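>>> Model the structure of this input:
(chains A and B)
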There are 2 protein chains.
Amino acid sequence: MSITVVGSVAYDSIETPAGRRERCLGGAATYFSLAASFFTNVRVIAVVGDDFGPDQESVFKARNIDTRGIEHVPGKSFFWEGSYLENLNEAKTRNTELNVFASFEPKIPSTYGDSEFLFLANIDPILQRRVRESMPAVKLVAGDTMNYWIKDHRPALLEVLKGLDVLLINDTETRMLAANNNLVQAARAVMALGPRFLVVKHGEYGATLFHSSGKGRIGDRTFRAPALPLEQVIDPTGAGDSFAGGFFGYLASEPDLTPGAFRRAMFYGSVMGSFACERFGTERLEQLSRPEIDARFHVFRELTHLD
Amino acid sequence: MSITVVGSVAYDSIETPAGRRERCLGGAATYFSLAASFFTNVRVIAVVGDDFGPDQESVFKARNIDTRGIEHVPGKSFFWEGSYLENLNEAKTRNTELNVFASFEPKIPSTYGDSEFLFLANIDPILQRRVRESMPAVKLVAGDTMNYWIKDHRPALLEVLKGLDVLLINDTETRMLAANNNLVQAARAVMALGPRFLVVKHGEYGATLFHSSGKGRIGDRTFRAPALPLEQVIDPTGAGDSFAGGFFGYLASEPDLTPGAFRRAMFYGSVMGSFACERFGTERLEQLSRPEIDARFHVFRELTHLD
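Next comes the predicted model:
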């Protein structure tokens, strides 16, 4: 199976208690693609400027990621600068320059047309919807969003949610989207808006999978995956997108989307999120191997299993 | 096996989004005893005033809890008033009246002398230490504390920690005690102060068991138990003490303190914490049965196990 992902490919300048890095390769689609590429074929749709050259391209190529959907236009790539000095769990944005991203018009290469899985990373819901509608035949669609779209672009976001099978967001976003502080009630309200599955990411505490079994009722198979208590978090940038890549990549690699497959996908999501934090930017994901991933999967099982 | 617990038996006035209750029976030793009583024999050491009568006594008696160590003195019992209106995860204290608790001098009935397990609930570390030293023969000692003692009574608390096998505290207390924001590093620093086991409670996200295997090194068997996503939290008062009661009560019921026993104890702790939140005060714990507890244990396993 293959996944098409649409989202940002960007440069990030990052400061954490462990140090500072200038203009790392980043962006949601980058982290997602790298993480998912260990499980399945990945195809990217994004836009970059002329500061994106062969060195950056090779990060994708080394993981066999299809970059024919990365459009090159004159100008500079999306740029984000953030600091985790005050709080490792939440970035403080210092600067955002949309640059070429401001006029992003996703173009889907014809060779991507047979992708069975589609991931709509956190971008303008109008673009998410356009891509979704251009790929009506996909088997499973997942997406992400953020507080900005929930607050100020709600009608467009609600249209996107109708077309999603899986939504992956964090606690705060879930509560904000549902206007309800109880997570279980909020999860039910969010699933009533469209997605059958809701993955709520809890940062250092792991993530919970909710599943609606008709009429917004919460299924019996609510599932919680732990996060790994990490001795040192070097840089949490991209951990959520790496979680999504591990989760969705694993699902795309499974012959059947059974409840067991979703459970293992939650663990693989947590595994990829934990790796992402171990070095700055995409460094750790670039160096990773599938045996390391599977070894950590077993660490997670040990961490939380009774026997 | 039997557990002796020393701590507060009190009255609580509680306000939560679900309503308000005046002068419920409460206190750390009360919640701990009720939760632990489903697993083993429990003996309480506390002090109460003349507002504690047969009705309150019968709550303990109904669970076969030994109350010979509850001293009755003239005056009023410890009283606490708190609100969870702003934040269900953290009480805002409106009023605390120590009353007879202000001059509490724990007296250990001679019939308690053969207890193999000792729990030092959250009270003045000077009293915790005195009780600990009066029961030198116990097999396992666990304890709790809070920000107030960590900040303002550190030397006395450090003496207590030297005599503990297990410390149960929350994330914030762990970081404060170690003066380190990384949970894994903080856990190591706390265990270097005495306890071989550290249970860090994460509220709605469950709890993590750390185990030092000599020289403050963290053992391989770090273990994370989930919490149950609850549809409605009626009253979180006593959830942490109920966790401690389920955890320690289960350990006391096991013939051997194996790693597996500690893992199951973490789950039973989470189970008892989840029940405590379902009604005001001790209402739910008073109505509970062991089959209900074991049924929920299996819900927790389902919630987090891959197969």
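>>> got a list of what the one residue in the stretch 101-250 of chain A that gets nearest to chain B touches?
Here the stretch 101-250 of chain A gets closest to chain B at one residue, A:Y205, 3.7 Å apart by Cβ to the nearest Cβ. Just so you know, the C-beta spots here come from the backbone N, C-alpha and C atoms, and that holds for glycine as well. Neighbouring residues of A:Y205 by Cβ atoms under 8 Å, 6 or more residues apart in numbering or on different chains: A:P226, A:A227, B:H202, B:Y205, B:G206.
>>> List just the nearest of those residues to B:F248.
Nearest to B:F248 among the contacts of A:Y205, counting by Cβ to Cβ, is B:G206 at 17.1 Å.
>>> Next, give phi and psi for that closest one.
In terms of degrees, to the nearest 10, the main-chain angles of B:G206 are phi 100, psi -150.
>>> Looks like it contacts B:S270 (just checking).
Yes: look at B:G206 against B:S270 with Cβ atoms under 8 Å: they come within range, at 5.9 Å.
>>> quick one: the helices in chain A?
With helices called from DSSP state H, chain A shows them at A:28-36, A:54-61, A:125-134, A:147-152, A:154-162, A:171-178, A:183-191, A:239-253, A:259-276, A:283-287, A:290-304.
>>> and the fifth one, what does it pack onto?
Packed against helix A:154-162, as judged by 3 or more Cβ pairs under 8 Å, 6 or more residues apart in numbering or on different chains; DSSP states H and E, are the following elements: helix A:125-134, helix A:147-152.
>>> make it 10 Å
Helix A:154-162 is packed against helix A:125-134, strand A:140-143, helix A:147-152, helix A:171-178, with contacts defined by 3 or more Cβ pairs under 10 Å, 6 or more residues apart in numbering or on different chains; DSSP states H and E.
>>> Give me the buried positions along it.
Neighbour counts over helix A:154-162 (16 or more other Cβ atoms under 10 Å in any protein chain shown) mark A:L157, A:E159, A:V160, A:L161 as buried.
>>> I figured the first one was touching A:Q128, is that so?
Yes: A contact is recorded between A:L157 and A:Q128 when judged using Cβ atoms under 10 Å, the distance being 8.4 Å.
>>> any residues in contact with both of those two?
Overlap of the contact sets of A:L157 and A:Q128 (by Cβ atoms under 10 Å, 6 or more residues apart in numbering or on different chains) consists of A:G143, A:T145, A:W149.
>>> Throw these into TSV and include distance to chain B, neighbour count and pLDDT, thanks.
Shown next, in TSV, are the shared contacts of A:L157 and A:Q128 (distance: Cβ to the nearest Cβ, whole Å; neighbours: other Cβ atoms under 10 Å in any protein chain shown; pLDDT from 0 to 100):
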residue	distance to chain B	neighbour count	pLDDT
A:G143	22	30	98
A:T145	21	24	97
A:W149	25	21	96
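>>> Dump these to JSON lines, plus distance to A:I169.
Shown next, in JSON lines, are the shared contacts of A:L157 and A:Q128 (distance: Cβ to Cβ, whole Å):
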{"residue": "A:G143", "distance to A:I169": "9"}
{"residue": "A:T145", "distance to A:I169": "6"}
{"residue": "A:W149", "distance to A:I169": "10"}
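>>> Quick check: which ranges of the stretch 51-200 of chain A have low pLDDT?
For the stretch 51-200 of chain A, no stretch is flagged by pLDDT under 70.
>>> so what pLDDT did the most centrally placed residue in chain A get?
What sits nearest the mean C-alpha location of chain A, by Cα atoms, centre = their mean, is A:D241, with 2.9 Å. If you check A:D241, the pLDDT there is 97.
>>> right, and it touches A:A10 too?
No: counting by Cβ under 10 Å, A:D241 stays clear of A:A10, with 11.2 Å between them.
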